[in-house]
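A.B. asks: Provided below for reference: sequence and predicted model.
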Amino acid sequence: MARTLTYLFLTIFFLAFVYLKMRGISHYSDDVWFSAEAHTPDIIKWLKIRYETWSSRTPIEFALLNLINHKQTWAIFNSFFIATTVCSLVYIVAENKKEAVYCSLIFILIIISTIKKGFIKEGVLWMTGSVNYLWPFALALTGFSLLKSCTSSCAYNKKAIIIFSVFFLSSFSEQMVVVNVILLTLITLVYHGPVRRIAVISLLATVMSLLYIILSPGNALRLHLEVSRWNPDFVNLNILEKIVMGLNLSYDQMFSVQPVALVIIYICLSILFPKKTKAKYLSLFILILSISLALVQKKLFSALEFDTIYQFNSQNINDVFSLARATGVILISILTTILLFLYHKERKTAWVIATTYVSSYAGTVMLGLSPTIYASEQRVLMVSGIMFSALGAYLVTKTIKCRKIV
């Protein structure tokens, strides 16, 4: 597996770097602003002022300032994180060399073919977007893959600092910190020995980042500025209405952005469960329901004049349309969580996979608490989207193994 992962990493890195070079690397949108700010004579002072007046993403913005005017260096780093994302997932999922190869291919194909192109363009190929979305996700996934390898005290002692560091840095993304807290808390509860000890340390790193975010005076100031600029109506929503708004965003992710990936997941579940069982019938029911809702969603695009994401406000967030969609997300999520838990006979794995599925929506639902929920377009779905695609790749891999297709 070590040699296979090395070859896989080098192949993906090379292809990603060549693609970035061929398509060209240019500044646009926030790139232009960061490019100008990168000429500041004192970056540390700039970051301190930024923390106090606008943002708590200090390590992310440190990386941006240092790389934004060095496009080739950014391309190397970005290719590295693309390859790291794929290889980390493969290490977590695959059990042998053959599985490693087709798991990586499946994951890449699902990412490329089953989601909207804006997702990739803004979250992976855009300089500012990649540092804000792809890189923290890759670091977190690296941390979880290293956690899997910590089966001895020796591994624990050697890897503790690295794992602490990657979780600490990845958690400066507001979406990733939520995912990290949920999954690391679960791991500390269900595992023992070195894995639990290093998970506790990693959770401490994540909480440190979370406190840094919460205590940032700049985040509070930015909230008021973003409300007036992007969503003045945001102040008219109470906390429950904001959660419903986030659930509706998850609905659009399921049936507008990634309906094919969703269908793949339920096809695999319907195949994996034995015939004439309640779980199999439930999988088929959700599969048919998902296809139907995706088709209805596509028809609604023209009828309600929206593309991908329907934008709610304080006037319509409590309407039947909004509440029905939010209820649908909750119901499907609960049923899918039950199916994932039932499929895995090994209880620890069942808890981890089911919780991973639940946390994949947490990053999207929490966006309902932000006034920029509709301002940043599809890139805000980056974290949840890749997790969803990873779950699809995992289930396809298990289906191939179960049916001995490869």
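C.D. replies: It's in.
A.B. asks: contacts, neighbours, all on C-alpha from now
C.D. replies: OK.
A.B. asks: need the helices for the stretch 101-250 of the chain, in chain order.
C.D. replies: For the stretch 101-250 of the chain, helices defined by DSSP state H, counting those that start in this stretch occupy the ranges 117-120, 127-129, 135-149, 153-170, 174-190, 193-214, 217-230, 239-252.
A.B. asks: among those helices, which is nearest L395?
C.D. replies: helix 135-149 (17.7 Å; C-alpha to C-alpha).
A.B. asks: From the contact counts, what lies against the closest one?
C.D. replies: Judged by 3 or more C-alpha pairs under 8 Å, 6 or more residues apart in numbering; DSSP states H and E, helix 135-149 is in contact with helix 71-93, helix 153-170, helix 174-190, helix 193-214.
A.B. asks: Which one, of the ones you listed, ends up nearest to G368?
C.D. replies: Here helix 174-190 is closest among the helices and strands packed on helix 135-149 (C-alpha to C-alpha), at 11.9 Å.
A.B. asks: just to revisit the earlier point, columns mean pLDDT, distance to R325 and mean neighbour count on top of the helices of the stretch 101-250 of the chain, output as TSV?
C.D. replies: As requested, the helices of the stretch 101-250 of the chain are exported to TSV (pLDDT from 0 to 100; distance: least, C-alpha to C-alpha, whole Å; neighbours: other C-alpha atoms under 10 Å):
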stretch	mean pLDDT	distance to R325	mean neighbour count
helix 117-120	73	22	17
helix 127-129	93	29	23
helix 135-149	93	28	23
helix 153-170	82	31	19
helix 174-190	92	22	21
helix 193-214	93	30	20
helix 217-230	87	24	15
helix 239-252	92	6	23
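A.B. asks: Q315: how many residues sit nearby?
C.D. replies: Neighbours of Q315 under the rule other C-alpha atoms under 10 Å: 10.
A.B. asks: Regarding it, what is its secondary structure?
C.D. replies: coil (DSSP: H, G, I helix; E, B strand; the rest coil).
A.B. asks: quick one, phi/psi of it?
C.D. replies: phi -80, psi -30 (degrees, to the nearest 10).
A.B. asks: That one and E241, how far apart?
C.D. replies: 11 Å (C-alpha to C-alpha, to the nearest Å).
A.B. asks: where do the contact lists of the two overlap?
C.D. replies: Residues touching both Q315 and E241 (C-alpha atoms under 8 Å, 6 or more residues apart in numbering): none.
A.B. asks: Now do the same contact list for the residue nearest to E241 when sequence neighbours are not counted.
C.D. replies: Leaving aside its sequence neighbours, E241 sits nearest to I317 (C-alpha to C-alpha, 6 or more residues apart in numbering; 6.6 Å). Residues near I317 by C-alpha under 8 Å, 6+ apart: 241, 244-245, 323.
A.B. asks: about what we covered before: how about CSV for the helices of the stretch 101-250 of the chain, with distance to M22 added?
C.D. replies: CSV is the format used below for the helices of the stretch 101-250 of the chain (distance: least, C-alpha to C-alpha, whole Å):
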stretch, distance to M22
helix 117-120, 16
helix 127-129, 15
helix 135-149, 21
helix 153-170, 29
helix 174-190, 31
helix 193-214, 37
helix 217-230, 35
helix 239-252, 33
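A.B. asks: who wins for proximity to L340 among these?
C.D. replies: Checking those against L340 by C-alpha to C-alpha gives helix 174-190 as the closest, at 15.7 Å.
A.B. asks: by contact count, what packs against that closest one?
C.D. replies: helix 135-149, helix 153-170, helix 193-214, helix 347-365.
A.B. asks: Please work out the angle formed by the directions of it and helix 193-214.
C.D. replies: Per axes from the mean of the first three to the mean of the last three C-alpha atoms, to 10 degrees, the angle that helix 174-190 makes with helix 193-214 is 150 degrees.
A.B. asks: and the direction of helix 174-190 versus that of helix 347-365, what angle?
C.D. replies: 160 degrees.
A.B. asks: rewinding a little: and of the helices and strands packed on helix 135-149, who's closest to V101?
C.D. replies: helix 71-93 (8.2 Å).
A.B. asks: Tell me which residues of the closest one come out buried.
C.D. replies: For helix 71-93, the neighbour count (16 or more other C-alpha atoms under 10 Å) marks 71, 74-93 as buried.
A.B. asks: could you say what helices and strands the helix or strand hosting F341 packs with?
C.D. replies: In the assignment (DSSP states H and E), F341 maps to helix 320-343. With contacts taken as 3+ C-alpha pairs under 8 Å, 6+ apart, helix 320-343 sits against helix 239-252, helix 278-303, helix 347-365.
A.B. asks: Highest mean neighbour count out of these?
C.D. replies: helix 239-252 (a mean of 23; mean count of other C-alpha atoms under 10 Å).
A.B. asks: Run the chain-centre distance for that helix.
C.D. replies: 17 Å (C-alpha atoms, centre = their mean, to the nearest Å).
A.B. asks: swap in stretch 160-171?
C.D. replies: 17 Å.
A.B. asks: what does stretch 336-347 give?
C.D. replies: On C-alpha atoms, centre = their mean, the centre of stretch 336-347 falls 21 Å from the chain's centre.
A.B. asks: buried stuff in it?
C.D. replies: 336-337, 339-343.
A.B. asks: Can I get that stretch in CSV, CA atoms only?
C.D. replies: Coordinates of the C-alpha atoms in stretch 336-347 are reproduced here as CSV (Å, rounded to 0.1, in the frame of the first residue of the first chain):
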residue,chain,number,x,y,z
THR,A,336,-29.7,7.4,5.5
THR,A,337,-27.9,7.5,8.9
ILE,A,338,-29.8,4.4,10.0
LEU,A,339,-29.0,2.6,6.8
LEU,A,340,-25.3,3.3,7.1
PHE,A,341,-25.3,2.2,10.7
LEU,A,342,-27.2,-1.0,9.8
TYR,A,343,-24.8,-1.9,7.0
HIS,A,344,-21.7,-2.0,9.1
LYS,A,345,-21.6,-4.9,11.5
GLU,A,346,-18.5,-3.5,13.2
ARG,A,347,-19.9,-1.0,15.6
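A.B. asks: what sits up against it?
C.D. replies: 269, 272-273, 279, 283, 350-351, 353-355, 357-358.
A.B. asks: same thing with stretch 111-126?
C.D. replies: 20, 78, 129-130, 132-134, 257-261, 378-379, 381-382, 386, 389.
A.B. asks: Which of the helices and strands packed on helix 135-149 sits closest to E305?
C.D. replies: helix 174-190 (28.9 Å).
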